[in-house]
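Peer 1: Give me a model of this one.
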Amino acid sequence: MRDVIQTKTPATSVSHDRRASYAGLKHFTATALERVGLSHTDAQTAADILATTDAWGTFTHGTKLLYGYLRRLKAGGLRPRGCPHLAAEAPAWAIVDGDSALGLITSAFAMRTAIAKARTCGVAYVGVRNSCHFGAAAYYSWLAAQEGLLGISMANDIPSVAAPGSRGPVIGSNPISYAVPAGRYRAILLDMSVATVAGGKVYAARMRGESIPNTWLVGADGKPTTDPCGFPEVGALQPAAGHKGYGIALLIETLAGIVTGAATTCSVGNWMWDDGTKPTRHGAAFLAMDLNAMMPAGQFTRRVEALVEEIHNAPRADDAARLYVPGEMEWDRYDRALKEGIPLPSDVQASLEKAAAVVGLDRNTMLE
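Peer 2: Take a look at the predicted model:
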């Protein structure tokens, strides 16, 4: 037997002291997904995505989402045995129909398709339609980096972000990620929303009854607010860097939504709040680039390593102990999590408790 969530307090309480082993959390998540009908292989894939995201410390997009996915899988808006497949393709591109499968499964399939095509053509684009929320974009970009390729991942979502000057949402928070293989260093890894902050962080603050910085949200009047309680019903996320984030959001909407035939803007379903029996029709897009094929052998890796070292060695401010490239903080947390366990915040613990109840699992102990 394994303690999936180790605790210094009784199992019925919620504490910040609880930690989950990566293996235990993945096992719990996969078992829950199999109980609502996913195949063993698909459940393992999805569980690895969610547990890895928690190990990176991105708790808004890890196993906290499991409860919502289970509910939608049980209701039928997500199809447990949905089978992502190629709807159209050429040597350097493809369109994947997600068949309303779990978005994590469709996205992993799409990026692996892009990787295979990039091996032949150097660069490949794979778009996705008929999908759903896909979790952390970084995971799919990392799939490419693990194969020595540069990966880019993005997706559209329901409108939640204001345009500069609007009173309400105009565009989705539309995440985008890239991963660059870096030789003897861990992959450079960026995952960002085109909003100032991911909507999940506003949800988390709302659930915890906390105020937020006035750069995160505008209220019904279009003015900045520190109160998350009305979101998402009232107000909108602020676009990152104003018109710059808004402009990037439209590019993502084009590649993930318009090109693929997926739903766009107000036509995308809300995977958290809408009727769980209906598909959300999210879109996504994945690009892979075999940069080593474009340069003499080893040159790309050497140049990336030199870039990382140049940044590490750049002059620092007096109070700066270290200069990071994107992803290094996440990799540090990942390494600690695998050694010491993943420190689950209270809202993640509460969501896991609900997930366990939905499928009749013991949250604290599971068979290996």
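Peer 1: for the stretch 201-350 of the chain, what spans make up the strands?
Peer 2: Ranges of strands within the stretch 201-350 of the chain are 217-218, 224-225, 236-237, 282-289, 342-343, based on DSSP state E, counting those that start in this stretch.
Peer 1: So in that sheet, which strands flank the last one, and in what orientation?
Peer 2: Strand pairing for strand 342-343, using DSSP bridges, gives strand 19-20 (antiparallel).
Peer 1: any idea of the mean pLDDT in the strand it pairs with?
Peer 2: Per-region confidence: strand 19-20 scores 93 on mean pLDDT.
Peer 1: picking that back up, tell me the most buried of the strands of the stretch 201-350 of the chain?
Peer 2: For the strands of the stretch 201-350 of the chain, ranked by mean neighbour count under the definition mean count of other CB atoms under 10 Å, the leader is strand 282-289 at a mean of 29. Backbone N, C-alpha and C define where each C-beta goes, glycine included.
Peer 1: chain center to that strand: distance?
Peer 2: Taking CA atoms, centre = their mean, to the nearest Å, one finds strand 282-289 lying 13 Å from the centre of the chain it belongs to.
Peer 1: Also stretch 23-42?
Peer 2: Between the mean C-alpha position of stretch 23-42 and that of its chain there is a distance of 18 Å (CA atoms, centre = their mean).
Peer 1: What lies in contact with it?
Peer 2: Under the criterion CB atoms under 8 Å, 6 or more residues apart in numbering, residues 2-5, 20, 43-44, 46-48, 50-51, 54, 63, 66, 69-70, 73-74, 80-81, 101-102, 105, 342, 352, 355-356, 358-361, 363, 366, 368 lie in contact with stretch 23-42.
Peer 1: looking at the strands of the stretch 201-350 of the chain, which is closest to residue 333?
Peer 2: Distances from residue 333 to each of those were compared using CB to CB; the minimum, 8.9 Å, belongs to strand 342-343.
Peer 1: And the pLDDT at the spatially most distant residue from the centre of the chain?
Peer 2: Relative to the centre of the chain, the most outlying C-alpha is that of residue 318, 34.3 Å out, by CA atoms, centre = their mean. In this prediction, residue 318 carries a pLDDT score of 94.
Peer 1: what are the phi and psi values for it?
Peer 2: Residue 318 adopts backbone torsions of phi -60, psi -40, taken as degrees, to the nearest 10.
Peer 1: ok, it - contacts?
Peer 2: Counting by CB under 8 Å, 6+ apart, residue 318 touches no other residue.
Peer 1: and what of residue 125?
Peer 2: Residue 125 makes contacts with 92-94, 114, 255, 285-287, as judged by CB under 8 Å, 6+ apart.
Peer 1: What strand or helix carries residue 87?
Peer 2: Applying DSSP states H and E as the criterion places residue 87 in strand 85-90.
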